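*Asks:* give the three-dimensional model of this entry:
(one chain, ligands or ions: 1)
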Amino acid sequence: MQSALINGKKLCCSMLLKNCFRPLSAASGKLTNVEINDKTGVAVLTMNRLPVNGLNLDLLRDLLQSIQEIEKNKCRGLILTSASNTIFSAGLDITEMYKPDQERLKQFWNALQDVWLALYGSAVPTAAAINGHSPAGGCLLASSCEYRVMLPKYTIGLNETQLGIVAPKWFMSTFRNVLPRRIAEQALVQGKMFTSDEALKVGLVDELVASKEEALIKCEKFFASFSKTDPIARYLTKKQLRYNDMKELQDEKVQDVENFVSFVNQPTVQKSLGFYLESLKKKAK
Ligand SMILES: CCCCC/C=C\C/C=C\CC/C=C/CC(=O)SCCNC(=O)CCNC(=O)[C@H](O)C(C)(C)COP(=O)(O)OP(=O)(O)OC[C@H]1O[C@@H](n2cnc3c(N)ncnc32)[C@H](O)[C@@H]1OP(=O)(O)O
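*Replies:* From the prediction side, this is the model:
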C-alpha cells in the first residue's frame, strides 16, 4: 500500500482521500468547486464548466477567486483538476474570441492574465491532476503548476498555430519553464498535441496514473515531499525562478491586452476561428 509523510506522520494514501474533505465555501463559485482535505490541508480546485471546461470570462473569474481564497486560507497545496471524466479543459472558449463584444474581449484577456499570474506565482505549492484532454489554455493552466500527473490516452499541448493563432509570450515562457528549449520551440511552432505517453517522455508531465484518485494521491505525495522544507524559503525560491516571466507580463499587461484585441480582430484570424468553431460543431453532430 502506498503511503505519504504528512506533517511528520506516515499516512496510508487512501486515508488521505477518504471522508476528510470539506468545501471551502467562499471559494466555490458556480463554475469551480474547492474542497480542503482536513487531514493534509491540501485544496482540490475543480473546474466545473461542463462539457469541456471552456475558459470563458465567468470560469476565469471563478478560478481567480478560488486561487485567491486558497492562498488566503494558507492551504498546504492546490490541486487543479476537472469535474469531467474526459476533458481537463478545452482551453479558451473560442466563442469569447469569435465576433466578440469588444469590452468583454478586453475583460476576458485581463481575467486570463490574472489567473495565470495568480497560479504561476502562487505561494501555495501547485499541482495539476490532468484527468482528460488539455489543449491550449488547458495546457497553460496545467503547465503553470509545479507538478503534473496525467491519465493515459489523452492529449496535451499548445496547439495555437494549428488554429491560425499565435500563443503570447507568457504562454511560451510557461512552456519553456517545463520543457527543454528545443522541444518547446518545436512543439510551439508545430502546435503539437502530445499524447499522455509522449508528454511523459518529454517531461511535459511528471507521471502517468490510471485513475483520478491515483492522480490526487500523487499530487498529495508531491506536497508531502516539502514536509521538511521551510515554506517561506520554498516560496521565495520559486518566486525568484519565475520572476522574469511574471515581470515581463506585469510590465506589459495593458499592451498585452491591446495586442490580443488587435490580433483577434484581424479578419484572417476571425476567419480561422470561425472555421475552427464550425469544425468542432460538425464533429459533434
Ligand atoms: C504576432 C503578434 C502576436 C500577438 C499575440 C497576442 C495575443 C495572442 C492572441 C491569441 C491567443 C489566443 C490563445 C488561445 C488559446 C486557446 O486556448 S484557444 C482554444 C484551443 N482549444 C482547442 O483547440 C480545443 C478544441 N476542442 C477540442 O479539441 C475538443 O472539443 C475536445 C476538448 C478534445 C473535446 O472533445 P469531445 O469530443 O469530448 O467534445 P466536442 O468536440 O464534441 O465538444 C463539445 C462541445 O464543446 C464545444 N467546444 C469544444 N472546445 C471548445 C472551445 N475551446 N471553445 C468553444 N467551444 C468548444 C464544441 O464545439 C461542442 O459544442 P456543441 O457542438 O455546441 O455541443
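*Asks:* residues from the stretch 101-250 of the chain in reach of the ligand?
*Replies:* Contacts of the stretch 101-250 of the chain with the ligand, taken as C-beta under 6 Å from any ligand atom, map to 133, 135-137, 159-160, 163, 165-166, 168. Backbone N, C-alpha and C define where each C-beta goes, glycine included.
*Asks:* dump those residues into JSON lines; add secondary structure as well.
*Replies:* Shown next, in JSON lines, are these (DSSP: H, G, I helix; E, B strand; the rest coil):
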{"residue": "133", "secondary structure": "strand"}
{"residue": "135", "secondary structure": "strand"}
{"residue": "136", "secondary structure": "coil"}
{"residue": "137", "secondary structure": "helix"}
{"residue": "159", "secondary structure": "coil"}
{"residue": "160", "secondary structure": "helix"}
{"residue": "163", "secondary structure": "helix"}
{"residue": "165", "secondary structure": "coil"}
{"residue": "166", "secondary structure": "coil"}
{"residue": "168", "secondary structure": "coil"}
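*Asks:* which members of the residues you listed are classed as buried?
*Replies:* Among those, those classed as buried by 16 or more other C-beta atoms under 10 Å are 133, 135-137, 159-160, 163, 165, 168.
*Asks:* possible to save the residues you listed as a markdown table with pLDDT?
*Replies:* Below are those laid out as a markdown table (pLDDT from 0 to 100):
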| residue | pLDDT |
| --- | --- |
| 133 | 98 |
| 135 | 98 |
| 136 | 98 |
| 137 | 98 |
| 159 | 96 |
| 160 | 94 |
| 163 | 86 |
| 165 | 89 |
| 168 | 95 |
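*Asks:* pLDDT at residue 24, what is it?
*Replies:* Confidence at residue 24, expressed as pLDDT, is 78.
*Asks:* got the contact list for it?
*Replies:* By C-beta atoms under 8 Å, 6 or more residues apart in numbering, the residues touching residue 24 are 34-36, 43, 66, 69-70, 73.
*Asks:* over to residue 195?
*Replies:* Per C-beta under 8 Å, 6+ apart, neighbours of residue 195: 153-155.
*Asks:* at 10 Å what do you get?
*Replies:* 150, 152-157, 201 (C-beta atoms under 10 Å, 6 or more residues apart in numbering).
*Asks:* quick one: name whatever helix or strand follows the helix or strand where residue 176 lies.
*Replies:* Secondary structure assignment for residue 176, by DSSP states H and E: helix 169-178. Later in the chain than helix 169-178, the nearest helix or strand by DSSP H and E is helix 181-190.
*Asks:* flag the shaky bits of the protein, pLDDT-wise.
*Replies:* Within the chain, the stretches falling below the threshold (pLDDT under 70) are 1-19, 25-29, 284-285.
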